[in-house]
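Enquirer: Okay, here's the prediction I keep looking at, along with the sequence it came from:
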Amino acid sequence: MSPPEIPYYYCSSLPYSTFVSSHMSPNLPCMILGLTASWPATLLFTDLSSSSSSDSPSPSLNIDALCHAFGDAVAPVHVTTIEEGMGGFGGVARPSSEEMTVGEYCAWLRLGPEGWVNDDGTKTLKCE
C-alpha cells in the first residue's frame, strides 16, 4: 500500500476559506509551505542558499548553527522504525524514547542517510 498523496500549497496563495472547505472541515491533510519563513529560528537555523529555486524553496538545516546554539542541551529523541512509521493514517507507531544532547543528534545528522542505518538494517532516529 502506497502512502496517500498529500496536496501542498504556499501560504501566500491559500485563502483561508479554501483551507477550511477543502481540508479543515473534511479533516483532510495538506502541507502549507512558507508559514515559518520569517520566524527568527528559521532565519538562524536554515541555510537558504541551499534552496534549489526561488519558486520552490527547500532550505536545509544549518546543523553547525543549531549545534553551536544548543549543542549541550538534552532533548528527547523518539526511535521509530521505517516500518512502524509507514503505518499510514490508520497505523499507530509506538516509538521508544531516549535522551541525547543536541550535539549528539547533530553528529548523527551529519552522517547522512547512509549513516542512519542500524545493525538490523532499519533507519530509526527521529527528533521530536
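Expert: Received, thanks.
Enquirer: what about Thr18, which SS state?
Expert: helix (DSSP: H, G, I helix; E, B strand; the rest coil).
Enquirer: Buried residues, stretch 11-28. List them.
Expert: Using 16 or more other Cβ atoms under 10 Å as the test for burial, stretch 11-28 gives Leu14, His23. The C-beta positions use only the backbone N, C-alpha and C, and glycine is treated the same way.
Enquirer: Oh, that last question was meant for stretch 38-51, not what I typed.
Expert: Phe45, Thr46.
Enquirer: Could you list the low-pLDDT ranges of this structure?
Expert: 1, 48-59, 79-95, 112-128 (pLDDT under 70).
Enquirer: Tell me which stretches of it form helices.
Expert: Applying DSSP state H to the chain gives helices spanning 16-19, 40-45, 63-70, 82-85, 102-110.
Enquirer: Kindly reformat those helices as CSV and extend each row with distance to Pro26.
Expert: Output for the helices of the chain, formatted as CSV (distance: least, Cβ to Cβ, whole Å):
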stretch, distance to Pro26
helix 16-19, 11
helix 40-45, 30
helix 63-70, 37
helix 82-85, 25
helix 102-110, 36
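Enquirer: Compare those helices and give me the one nearest Leu28.
Expert: helix 16-19 (10.4 Å; Cβ to Cβ).
Enquirer: contacts for the closest one?
Expert: Contact with helix 16-19 is made by Tyr9, Cys30, Ile32, as judged by Cβ atoms under 8 Å, 6 or more residues apart in numbering.
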